[in-house]
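In: Provide a 3D model corresponding to the input given below.
(one chain, ligands or ions: 3)
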Amino acid sequence: TCQTAPRKAFAANESVALELDRLAETYKALHGRGQQWKHYAYSKAAKIVRALPFEVTDASQLRGVRGLGESIRTKVGELLRTGRMSRLERLAASEAAGVAAALCKVHGVGAAKADELRRMGVRSVDEAVAAGLLNQQQLTAAKHWRDLQERIPRDEVTAIVRSVRASLDRLLLAEGVPRTHLEQVVEATACGSYRRGKSSSGDVDVLICRRDGGDEKSLLHRLLEQMSADGLTIEHLTEVTATSRSYHGIIKLPDYERFRRLDLKVYPSDQYAYALLYFTGSDHFNRSMRHYAKALGYSLSDHGLVKAVKAGANNVVRGTLNLVPAVEERQIFDALGLEYKEPSDRNC
Ligand code: DCP
Ligand code: MG
Ligand code: MN
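Out: Ligands and ions are numbered 1, 2, ... in the order given. This is a model prediction of the structure:
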């Protein structure tokens, strides 16, 4: 699905892709039957157009390109001929879409919640806050929603990961781990778009893995306490318990201006390769790889690769035995008979 050859960026393709992205976002915000699916189809189409090895000047060039069906080609054709996409203009012009899109920008407010708020007469994020209609998590995100719209420059992602690492090291030193063993004892890897080489990211994703058999269950909890003690401004978007393994929050470094989204995940050592593959993405890449595994009778997840047998039309029985004890991502590709892809080749 992903092409491995480096490709040239074409200006025309980028502007078509941007419009398709806007259409996808509009559908995402509009809650209703079939529209979530459309969100996926248009965002996938945008990625495909960005990855084309030629410049699009006429929709007929797109015939036969997988993932660009007739209705998408028609819209691209209209855009190329007239510079406009009437579907997008019609949708965006509706007040419902505008309001829903604004509300959906708050992390934790999905299409359903946005729709509910809109029906209650809420017209903006500020109104939703003032009306007391948001839960604690949504309120925290709403407080920073403008900052959270902004992409994070790669250097700042690096700085955030470093500060997480620094707190982790302090924690481990206090546990008695020798200074020379810190990185071996606990691995902390920046994943997501950052690991795929992107110049900016929507959030910071850090995968954590303890290798020495030491206390891993409470690691995330203790790390977050250490980060606060180290003076990092951090606000939780998930409840943190003594044994949490997954975290969503908001962080601001002292020397930086904006609040940023931070995701942390802790996995046991034997699942690390699978977690790394999952958490590196992209989401589209994961989807196609899982889909591929499924066709072979497997189920691929962030925990492992298990047998998956179809039992009836809508039921799959998954095995519990991890078939391939991988320590590297490459082994998972191998197990599925797929050519290995570097993270930077997993962007579609
Ligand atoms: N992921 C997935 N399916 C989802 C959400 C996430 O497979 N529905 C995986 C793949 C993603 C990774 O988790 O790459 C991290 O999720 P993010 O939402 O942080 O996505 P990215 O880091 O890829 O992009 P962004 O720069 O927007 O954060
Ligand atoms: Mg991310
Ligand atoms: Mn993330």
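
In: how much space between the residue of the chain found nearest ligand 1 and Ser288?
Out: Residue nearest to ligand 1 within the chain (C-beta to the nearest ligand atom): Gly281, separated by 1.9 Å. For every residue, glycine as well, the C-beta is placed using N, CA and C. Counting by C-beta to C-beta, to the nearest Å, the gap from Gly281 to Ser288 is 11 Å.

In: So for those two, which residue has more residues nearby?
Out: When Gly281 and Ser288 are compared on other C-beta atoms under 10 Å, the one with more neighbours turns out to be Gly281, at 19 against 15.

In: my read: the more buried one touches Tyr194, true?
Out: No - when contacts are counted by C-beta atoms under 8 Å, Gly281 is not listed as touching Tyr194 (10.4 Å).

In: just to revisit the earlier point, now the residue of the chain closest to ligand 1: closest residue in space that isn't a chain neighbour?
Out: Residue nearest to Gly281 in three dimensions, not counting chain neighbours: Gly192, with 6.1 Å by C-beta to C-beta, 6 or more residues apart in numbering.

In: Can you show me the CA trace of the top helix by length along the chain as PDB?
Out: Longest helix in the chain by number of residues (criterion: DSSP state H): helix 154-175. The C-alpha atoms that make up helix 154-175 are tabulated as PDB, following Å, rounded to 0.1, in the frame of the first residue of the first chain:
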ATOM      1  CA  ARG A 154       9.800  18.600  15.600                       C
ATOM      2  CA  ASP A 155      12.400  20.300  17.800                       C
ATOM      3  CA  GLU A 156       9.800  20.800  20.500                       C
ATOM      4  CA  VAL A 157       8.700  17.200  20.300                       C
ATOM      5  CA  THR A 158      12.400  16.300  20.900                       C
ATOM      6  CA  ALA A 159      12.500  18.600  23.900                       C
ATOM      7  CA  ILE A 160       9.300  17.200  25.400                       C
ATOM      8  CA  VAL A 161      10.600  13.600  25.000                       C
ATOM      9  CA  ARG A 162      13.900  14.600  26.600                       C
ATOM     10  CA  SER A 163      12.100  16.100  29.600                       C
ATOM     11  CA  VAL A 164      10.000  12.900  30.000                       C
ATOM     12  CA  ARG A 165      13.300  11.000  29.800                       C
ATOM     13  CA  ALA A 166      15.000  13.200  32.400                       C
ATOM     14  CA  SER A 167      12.100  12.700  34.900                       C
ATOM     15  CA  LEU A 168      12.200   8.900  34.200                       C
ATOM     16  CA  ASP A 169      16.000   8.900  34.900                       C
ATOM     17  CA  ARG A 170      15.500  10.700  38.200                       C
ATOM     18  CA  LEU A 171      12.900   8.200  39.200                       C
ATOM     19  CA  LEU A 172      15.100   5.300  38.300                       C
ATOM     20  CA  LEU A 173      18.100   6.800  40.100                       C
ATOM     21  CA  ALA A 174      16.000   7.100  43.200                       C
ATOM     22  CA  GLU A 175      15.100   3.400  42.800                       C
END
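
In: before we move on, the earlier item: what touches both of Gly281 and Ser288?
Out: A shared contact of Gly281 and Ser288, defined by C-beta atoms under 8 Å, 6 or more residues apart in numbering, is any residue touching both; here there are none.

In: Surely Ala188 forms part of a strand?
Out: Yes - with DSSP: H, G, I helix; E, B strand; the rest coil as the criterion, Ala188 is assigned to a strand.

In: dump the residue contacts of it.
Out: With contacts taken as C-beta under 8 Å, 6+ apart, Ala188 has the following neighbours: Val161, Val164, Arg165, Leu168, Val206, Leu207, Ile208.

In: so Glu235 makes contact with Gly249?
Out: Yes - contact between Glu235 and Gly249 holds when scored by C-beta under 8 Å: they sit 6.1 Å apart.

In: Those two - which one has more neighbours?
Out: The residue with the greater number of neighbours, taking Glu235 and Gly249 and applying other C-beta under 10 Å, is Gly249; the counts read 21 against 15.

In: tell me the secondary structure for that one?
Out: At Gly249, secondary structure determined by three-state DSSP is strand.

In: tell me the secondary structure for Ala254?
Out: Rather than Ala, residue 254 is Pro. Assigned by three-state DSSP, the conformation of Pro254 is coil.

In: State the distance from the residue nearest to it when sequence neighbours are not counted to ligand 3.
Out: Leaving out its chain neighbours, the residue that sits closest to Pro254 by C-beta to C-beta, 6+ apart is Gly231, at 6.7 Å. Here the criterion is C-beta to the ion, to the nearest Å. By it, Gly231 lies 24 Å from ligand 3.

In: What residues sit buried inside stretch 301-312?
Out: With burial defined by 16 or more other C-beta atoms under 10 Å, the residues of stretch 301-312 counted as buried are Ser301, Gly304, Leu305, Val306, Ala308.
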